[in-house]
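Enquirer: next input, structure requested:
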Amino acid sequence: MTEYLIKNGFVFDPVLGIKGDKADVAIKDGKIVETTALSSPKVIDAAEKAVMAGGVDIHAHVAGPKVNIGRNFRPEDKLFGYKAKNGIERMQGGFSVPTTIRTGYNYARMGYTTVMEAAMPPLYARHVHEEIRDTPILDQGAYPVFGNNWFVLEYLKNHEIENTAAYIAWLLKATKGY
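Expert: Coordinates of the predicted model:
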């Protein structure tokens with residue numbers, strides 16, 4: 001059972017109309033709860049910091065063959081912007097086309113917790129999922145590409161709606177996409 005108490009932060013929650021009020025946030029097993037529901041939480045001092053839900057990028061190009069083509073076209077890119085660090089942070093590389101590790105850190109620095117890859121080619125789904133697993137910090141998923149899929153276009157051209165739906169359902173399952 002995991003418990004956290006984030007204390008003294010400026011809390012922002014547009015759903016509840018909280019606009020930077022200084023408050024505490026209690027989390028138990030991944031859910032926000034009343035502070036009285038905690039027994040022995042790990043306390044995080046957020047004094048002078050903003051506390052809010054993490055960002056979700058629903059359309060990004062962060063994994064898969066198209067990103068690797070960009071990395072291949074810019075081998076010198078790995079040399080720019082790298083600063084050696086001590087501690088637990090992993091080595092990062094790439095500036096215009098960052099490595100999976102740098103991608104995770106960059107998104108986290110901006111306050112994001114979730115990123116969705118917007119163009120997973122079905123034949124390269126395994127590779128996309130490998131890069132997603134290699135990206136630290138973030139929760140990720142991927143949308144398979146249907147907009148230029150020959151079978152989808154043929155089925156739609158022939159008004160075969162059931163076949164279109166069945167094919168898309170199968171492809172979502174086979175690629176583990178959304």
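
Enquirer: contacts, neighbours, all on C-alpha from now
Expert: OK.

Enquirer: pull the helix or strand with minimum mean pLDDT from the protein.
Expert: Within the chain, no helix or strand scores below helix 65-73, which has a mean of 88 by mean pLDDT, DSSP states H and E.

Enquirer: which parts of the chain are helices?
Expert: For the chain, the helices defined by DSSP state H occupy 65-73, 100-109, 125-134, 150-157, 161-175.

Enquirer: convert the least confident helix or strand of the chain to CSV, retaining C-alpha atoms only.
Expert: The C-alpha coordinates for helix 65-73 follow below in CSV (Å, rounded to 0.1, in the frame of the first residue of the first chain):
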residue,chain,number,x,y,z
PRO,A,65,10.7,3.8,-37.6
LYS,A,66,10.0,7.4,-38.7
VAL,A,67,11.8,8.7,-35.6
ASN,A,68,14.7,6.4,-36.1
ILE,A,69,15.1,7.6,-39.7
GLY,A,70,15.4,11.1,-38.3
ARG,A,71,18.0,9.8,-35.9
ASN,A,72,19.9,8.2,-38.7
PHE,A,73,19.9,11.4,-40.7
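
Enquirer: so where is this structure shaky, pLDDT-wise?
Expert: Along the chain, the model assigns pLDDT under 70 to residues 78-92.

Enquirer: what's the closest of the helices of the chain to Ser39?
Expert: helix 100-109 (29.1 Å; C-alpha to C-alpha).

Enquirer: quick one: buried residues of the closest one?
Expert: Using 16 or more other C-alpha atoms under 10 Å as the test for burial, helix 100-109 gives Thr100, Ile101, Arg102, Thr103, Gly104, Tyr105, Tyr107, Ala108.
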